[in-house]
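# next one to model:
(one chain, ligands or ions: 2)
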Amino acid sequence: MPKPELSASDKPCELKLPEAQPVEAGLPLVVDFKNVTKTFGVGTSNAFTAVKDVTFAVEDLPGIGEFIGILGPSGCGKSTVLRLIAGLAPHYPATSGTVLVHGKPVVKPGPDRGFVFQDYANFPHLTVLRNVAFGLECAGVSEKERIERAKEWIGKVGLDPVRDAGKYPHQLSGGMQQRVAIARTLIMHPRIILMDEPFGALDPTTRHRMQDLLVSLWRELEATVFFITHDVPEAVYLGDRVFIFSASPGTVAHQLVVAPPDRPAEEMQSEPVFLESVREVRGMLGRLEEKAVEGKGD
Ligand SMILES: Nc1ncnc2c1ncn2[C@@H]1O[C@H](COP(=O)(O)OP(=O)(O)O)[C@@H](O)[C@H]1O
Ligand SMILES: [Mg+2]
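Ligands and ions are numbered 1, 2, ... in the order given. Okay, here's the model as predicted:
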């Protein structure tokens, strides 16, 4: 078992030794990266290696999905890793190494993997209802059923199924637009949810509300979540595990096990023990950034 970088005793959000998890016989890993390298422009004078030798595994734990927070300096390849899982070009395919999802090589995007972007990515010409129902429409679900299910999901993400359903994205605040994007993704019940700085453009209060919402939906869906953020408290709060990437070319420099979010965001994130964990993670990130500036790599 890999040793975590930090350990502590009885703090509510400390970084501690991972508990041994029984590996169910025959259950493939949810995501398995082995020595994954991505070089853009291979064979040209502009060749650029974004991630190098990325190796990690996320087990399939029946009845619970793991929440992985991802931190790292800007440009270190965090989005590249998520897009390799999603099968999205030009990051996909990897130049070398293997990317397996549920035991099989990724060949293209699929409904088993939902993606939530920072910029909401809703269809501007569609109403909230049609945005949320879009995936079901593509999947050939009947109009009656998709309206019903979309209204249910509009409610689940904290919007009003009557008042908000007929609005267009430009009539909504940033937080509301991101709620629509989350509903649009989660209505398809993806087993893996990929989130690339989804709350990066939100104010702190809205952000805490969205974190609480995400925790409750994640528990309900039992999905595996990969969540990129620049916000250290957000990663430490939401994550079961936090991956810290080194600067470019990125690789997973640290994997930390942190306490799961079992209290509201605002409350837990103001506790001294939580703030201490955040300070330690910031220290690790800072050291990785310093190394990068010194040109030593990591
Ligand atoms: N299509 C591309 N062609 C060349 N370089 C790219 C391309 N996409 C991303 N990169 C580079 O790869 C590195 C990693 O990018 P990215 O995964 O977006 O980083 P992060 O999400 O950590 O900020 C960056 O230096 C970026 O400029
Ligand atoms: Mg990115």
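# avg pLDDT for the helix or strand harbouring residue 225?
Taking DSSP states H and E as the definition, one finds residue 225 inside strand 224-228. Average pLDDT, strand 224-228: 97.
# who's in contact with the residue in the stretch 101-250 of the chain that ligand 1 sits nearest to?
Ligand 1 sits closest to residue 248 of the stretch 101-250 of the chain, with a gap of 5.3 Å, by Cβ to the nearest ligand atom. To be clear about C-beta, it is placed using only N, CA and C from the backbone, and glycine gets the same treatment. Neighbour list for residue 248: 49-50, 73, 75-77, 292 [criterion: Cβ atoms under 8 Å, 6 or more residues apart in numbering].
# find the centremost residue of this protein, please.
residue 227 (1.9 Å; Cα atoms, centre = their mean).
# filter the contacts of residue 248 down to the buried ones, ChimeraX style.
The ChimeraX command for the buried members of the contacts of residue 248 (criterion: 16 or more other Cβ atoms under 10 Å) is given here:
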select :49,50,73,76,77,292
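# now for the contacts of residue 248: which two are most distant?
49 and 73 (15.3 Å; Cβ to Cβ).
# residues contacting the residue nearest to residue 42 when sequence neighbours are not counted?
Of all residues not flanking residue 42 in the chain, residue 95 sits nearest, at 6.1 Å (Cβ to Cβ, 6 or more residues apart in numbering). Residue 95 is in contact with 37-39, 42, counting by Cβ under 8 Å, 6+ apart.
# before we move on, back to that, identify those among the contacts of residue 248 that sit within strands.
Cross-referencing these against strands under DSSP state E gives 49-50.
# looking at the contacts of residue 248, which is nearest residue 28?
residue 77 (24.6 Å).
# so residue 155 touches residue 164, yeah?
No. In this structure, residue 155 is not within contact of residue 164 by Cβ atoms under 8 Å, at 9.6 Å.
# between these two, tell me which one has more neighbours.
residue 164 (20 against 15; other Cβ atoms under 10 Å).
# next to ligand 1, which bits of this structure? Give me the list.
With Cβ under 6 Å from any ligand atom as the criterion, the chain meets ligand 1 at residues 40, 48, 50, 72, 74-80, 90, 248.
# point out the least confident one among these.
Confidence-wise, residue 248 trails the rest of the residues of the chain next to ligand 1, at 85.
# pLDDT below threshold where in the stretch 1-150 of the chain?
1-26 (pLDDT under 70).
# now the strands for it?
Along the stretch 1-150 of the chain, the segments classed as strands by DSSP state E, counting those that start in this stretch run 31-40, 48-58, 67-71, 96-101, 104-105, 113-116.
# now do the second one: everything it contacts.
In other words, strand 48-58. 29-41, 66, 68, 76-77, 80-81, 91, 97, 224, 243, 248-252, 255.
# host element of residue 253?
Going by DSSP H and E, residue 253 is in strand 252-257.
# helices or strands up against that strand?
Counting contacts by 3 or more Cβ pairs under 8 Å, 6 or more residues apart in numbering; DSSP states H and E, strand 252-257 packs against strand 48-58, strand 241-245, helix 272-294.
# output the ones you listed in TSV; the columns should cover distance to residue 128.
As requested, the helices and strands packed on strand 252-257 are exported to TSV (distance: least, Cβ to Cβ, whole Å):
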stretch	distance to residue 128
strand 48-58	32
strand 241-245	33
helix 272-294	35
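# these: which one's closest to residue 197?
When the helices and strands packed on strand 252-257 are compared by Cβ to Cβ, strand 241-245 sits nearest residue 197, at 13.6 Å.
# if we can go back for a sec, my guess is the residue nearest to the centre of the chain meets residue 235, correct?
Yes. Between residue 227 and residue 235 a contact is recorded at 7.2 Å, counting by Cβ under 8 Å.
# need the overlap of contacts for those two.
Joint contacts of residue 227 and residue 235 (Cβ under 8 Å, 6+ apart) are 69-70.
# which residues touch residue 153?
132, 183, 186-187.
# just give the closest residue to it, not the sequence neighbours.
Distance criterion Cβ to Cβ, 6+ apart; nearest residue to residue 153, sequence neighbours excluded, is residue 183 at 4.1 Å.
# tell me the helices and strands packed up against the strand or helix carrying the one you found.
Using DSSP H and E, residue 183 falls within helix 174-186. Where contact means 3+ Cβ pairs under 8 Å, 6+ apart, helix 174-186 is packed against strand 113-116, helix 128-138, helix 143-156, helix 204-221.
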